[in-house]
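**Student:** Give me coordinates for this.
(one chain, ligands or ions: 1)
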Amino acid sequence: MKQNIFDLTTAELKKIADSLQGKIEEGLKKDGMEISDIPTHIHPKKDIQDGKVLVLDWGGTNFRAAVVAFKDGKATILESLKRPLSAKETVGFEQDTLHEKMAEWISELKTLDSQVTQIGYCFSYPAASRINGDAILLRWTKGIEIPDMLEKPVGESLLRYLNSHRSIHTEFKDIKVINDTVACLFAGLSETGYDSYMGLIVGTGTNMASLMRLDKIEKLNNKEQSLIPVNLESGNFFPPYLTVIDGLVDAMSNNKGSQRFEKAISGGYLGELFKTVFQHEKVKYDFDGGDLANMINNPEQFPEDQVKVARWIYDRSAKLVAASLAGLAQVLTAQDPSIKNIGLAADGSVFWGKDRDKQPYYKELVSKELQLLLPAGVSITIFDEMSEPNLIGSAIAALS
Ligand code: BGC
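**Tutor:** Numbers count the residues shown, from 1 in each chain. Predicted coordinates:
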C-alpha cells in the first residue's frame with residue numbers, strides 16, 4: 001500500500017468528535033439511537049462496609065472469577081482465576097452451556113464460603129441496566145453469539161443457576177451487573193479532585209462511560225441533579241472517514257453494520273484490518289491485534305511495507321480514541337460549562353500496550369492527540385494504569 005489511507009487530519013478528527021457529540025446528545029433524548037447512552041442504576045457508595053463478594057468478569061477474551069474482600073474501604077483480591085472464553089470457545093453455546101462452564105470454574109475458588117452472598121458481574125456487552133441492579137442483554141458484540149440470552153436479564157438466570165449447582169455450596173442473594181467501562185469509572189473515583197470522570201476501554205472491544213446529571217438525560221424525565229453513570233456503548237458509533245478496508249472488515253463480521261467504531265479501533269479487529277490490506281500476501285490465518293503489536297515492536301523481523309501499514313492502523317486507532325474522548329468532553333462541558341478538569345480511568349490491552357522500552361506508546365499517542373482536539377481550557381488527565389479495575393469496580397457495585 002503506497003498511500004496511507006488510514007491517515008486522519010486534525011480537522012477530520014475534530015469533525016469526528018463533533019459527530020460523536022451530536023450522536024451522544026441524541027441518545028440522551030431517545031432510546032434506540034446509534035449511541036445508546038445507557039444509564040446505570042448503581043450508585044457507588046463512598047463508605048463501603050466491610051464484606052466479601054464474588055466478582056465475575058467476562059469481556060470477550062477471558063472469563064475471570066475472584067473473591068474480593070473490603071476492609072476499612074480497601075479492597076483486597078483474595079483469590080482469582082482466569083479462563084479463555086472468547087468467540088472461538090463459545091461457538092454453538094446456549095445460556096445453560098455458558099452457565100455450566102462458569103459454575104464449574106467458580107466452584108474452583110477455595111475462599112468462596114457461605115459468608116459470600118453478593119455477586120458483582122462485570123459483563124462487557126450492551127445491556128440495559130435495571131433498577132434492581134440486573135441488566136438486560138440488548139445485543140452481542142466481539143463475535144459472541146448466544147441467541148437464547150438476548151433480551152433477558154443477565155444476572156437473575158446466572159444467580160439461579162449457581163444457587164442450584166451441585167458443586168457450589170453458597171446461597172447467593174443478590175447480583176449487580178455492570179459494564180466494564182462503568183466498573184473502570186468506579187475504580188477511578190478513588191482519584192479525587194476532578195470536575196468530572198470518564199471510563200474508557202480499548203481492549204478486545206471499545207467503549208466509554210461517564211457520570212452525568214440526571215436532569216441532562218432527557219429520556220429519563222427526571223429533574224434531579226444527582227450524578228448517574230452512563231454507559232455510552234460508543235463502540236457502535238459510525239464515524240465519518242472510514243475506508244474501504246473498514247467496509248470489508250465489517251462485511252465479513254457476524255454483526256455487519258454495527259460497532260463500526262469498534263471495528264476500526266479495538267484489538268478484536270486490528271488484525272482483521274491488517275489481513276484485509278494484505279489479502280493477496282501470505283499472512284498467518286489467525287493474525288490478530290497481539291501479532292500487530294508484536295510486528296510494530298519487532299520491525300526487523302517483518303517486511304518493511306507490512307510494518308508500515310501496521311503502524312498506520314495502530315496510529316489511527318489511537319487518534320480515533322482521542323477524537324471520541326474529545327467528543328464526550330464536548331458533551332460534558334456543554335451540559336456544565338464549569339467542567340474543566342476531567343479524570344479518565346482507562347483500561348484494556350490495546351490502551352496500555354507497551355513499546356520495546358516498556359513505555360505506553362498507545363496511551364502517549366492518545367494524550368498527544370487530545371491536546372489538539374480538546375475544547376480550549378478543558379483538560380483530560382489519564383490516571384496511571386490501575387490494578388484490576390474491573391474486579392475492584394464490580395466489587396464496589398456489589399457492595400453499594
Ligand atoms: C461492548 C461494550 C464494552 C466494550 C469493551 C463492546 O463490544 O459493546 O459493552 O464495554 O466492548 O469491552
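**Student:** which residue sits closest to Lys29 in space, ignoring its chain neighbours?
**Tutor:** Glu218 (4.7 Å; C-beta to C-beta, 6 or more residues apart in numbering). In this view, the C-beta of every residue, glycine as well, is placed from N, C-alpha and C.
**Student:** can you count the residues close to the residue of the stretch 251-400 of the chain found nearest the ligand?
**Tutor:** In the stretch 251-400 of the chain, the residue that lies nearest the ligand is Glu262 (5.5 Å; C-beta to the nearest ligand atom). The number of residues packed near Glu262 is 25, by other C-beta atoms under 10 Å.
**Student:** cool, Gln371 as well?
**Tutor:** Applying other C-beta under 10 Å, we find 10 residues neighbouring Gln371.
**Student:** so it is in which element?
**Tutor:** Here Gln371, judged by DSSP states H and E, is contained in helix 361-373.
**Student:** Give me the helices and strands touching that helix, please.
**Tutor:** The contact analysis (3 or more C-beta pairs under 8 Å, 6 or more residues apart in numbering; DSSP states H and E) places helix 361-373 against helix 10-29, helix 304-335, strand 379-382.
**Student:** Of these, which is nearest Lys74?
**Tutor:** Lys74 lies closest, by C-beta to C-beta, to one member of those: strand 379-382, at 23.2 Å.
**Student:** who touches the closest one?
**Tutor:** Residues from elsewhere that reach strand 379-382 (C-beta atoms under 8 Å, 6 or more residues apart in numbering): 194, 198, 325, 329, 340-344, 346, 363, 366-367, 370, 374.
**Student:** Could you give me the buried positions within it?
**Tutor:** 380, 382 (16 or more other C-beta atoms under 10 Å).
**Student:** chain center to the following helix or strand past that strand, what's the gap?
**Tutor:** Next along the chain after strand 379-382, taking DSSP H and E as the criterion, comes helix 389-399. Relative to its chain's centre, helix 389-399 lies at 15 Å (C-alpha atoms, centre = their mean, to the nearest Å).
**Student:** CA atoms of helix 389-399 as PDB?
**Tutor:** Output in PDB follows, covering the C-alpha atoms of helix 389-399 (Å, rounded to 0.1, in the frame of the first residue of the first chain):
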ATOM      1  CA  PRO A 389     -10.200  -2.000  37.700                       C
ATOM      2  CA  ASN A 390     -12.900  -4.400  36.500                       C
ATOM      3  CA  LEU A 391     -12.700  -6.600  39.600                       C
ATOM      4  CA  ILE A 392     -12.500  -3.700  42.000                       C
ATOM      5  CA  GLY A 393     -15.200  -1.700  40.300                       C
ATOM      6  CA  SER A 394     -17.600  -4.700  40.300                       C
ATOM      7  CA  ALA A 395     -16.900  -5.400  43.900                       C
ATOM      8  CA  ILE A 396     -17.800  -1.800  44.700                       C
ATOM      9  CA  ALA A 397     -21.000  -2.200  42.700                       C
ATOM     10  CA  ALA A 398     -21.900  -5.400  44.600                       C
ATOM     11  CA  LEU A 399     -21.400  -3.700  48.000                       C
END
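**Student:** near the ligand at all, it?
**Tutor:** No: Helix 389-399 is not in contact with the ligand by C-beta under 6 Å from any ligand atom; minimum separation 9.3 Å.
**Student:** Show me what that helix is packed against.
**Tutor:** strand 51-58, strand 62-71, strand 74-84, strand 118-123, strand 174-178, helix 180-188, strand 341-347.
**Student:** can you do 7 Å?
**Tutor:** Counting contacts by 3 or more C-beta pairs under 7 Å, 6 or more residues apart in numbering; DSSP states H and E, helix 389-399 is packed against strand 51-58, strand 62-71, strand 74-84, strand 118-123, strand 174-178, helix 180-188.
**Student:** Can you give me the buried ones in the shortest one?
**Tutor:** It refers to strand 174-178. So for strand 174-178, counting by 16+ other C-beta under 10 Å, buried means 175-178.
**Student:** on that earlier part again, what about the helices and strands packed on helix 361-373, which gets the closest to Val283?
**Tutor:** Nearest to Val283, of all the helices and strands packed on helix 361-373, is helix 304-335, at 7.8 Å by C-beta to C-beta.
**Student:** quick check, distance from that closest one to the centre of its chain.
**Tutor:** Worked out by C-alpha atoms, centre = their mean, helix 304-335 lies 15 Å from the chain centre.
**Student:** for it, packing partners?
**Tutor:** When contacts are defined as 3+ C-beta pairs under 7 Å, 6+ apart, helix 304-335 packs onto helix 10-29, strand 196-202, strand 206-213, helix 260-265, helix 267-277, helix 289-297, strand 341-347, helix 361-373.
**Student:** The ligand contacts on the stretch 101-250 of the chain?
**Tutor:** Proximity of the stretch 101-250 of the chain to the ligand, by C-beta under 6 Å from any ligand atom, involves residues 124-126, 141-142, 179-181, 201, 203, 205-207, 233, 235.
**Student:** The ligand: which of the residues you listed is nearest?
**Tutor:** Closest approach between these and the ligand, by C-beta to the nearest ligand atom: Gly205, at 2.4 Å.
**Student:** Could you give the number of residues near that closest one?
**Tutor:** Neighbour tally, Gly205, other C-beta under 10 Å: 26.
**Student:** now swap in Asp291 and tell me
**Tutor:** Neighbours of Asp291 under the rule other C-beta under 10 Å: 18.
**Student:** Quick check: nearest residue in space to it, chain neighbours excluded?
**Tutor:** Closest residue in space to Asp291, ignoring its immediate chain neighbours: Gly271 at 6.0 Å, by C-beta to C-beta, 6+ apart.
**Student:** who touches the residue nearest the centre of the chain in this structure?
**Tutor:** With distances taken as C-alpha atoms, centre = their mean, Ile201 lies nearest the centre of the chain, 3.8 Å away. Ile201 is in contact with 180-181, 184, 207, 347-348, counting by C-beta atoms under 7 Å, 6 or more residues apart in numbering.
**Student:** again, only this time at 10 Å
**Tutor:** Neighbouring residues of Ile201 by C-beta atoms under 10 Å, 6 or more residues apart in numbering: 59, 124, 179-181, 183-184, 207-209, 234-235, 266, 345-351, 389-390.
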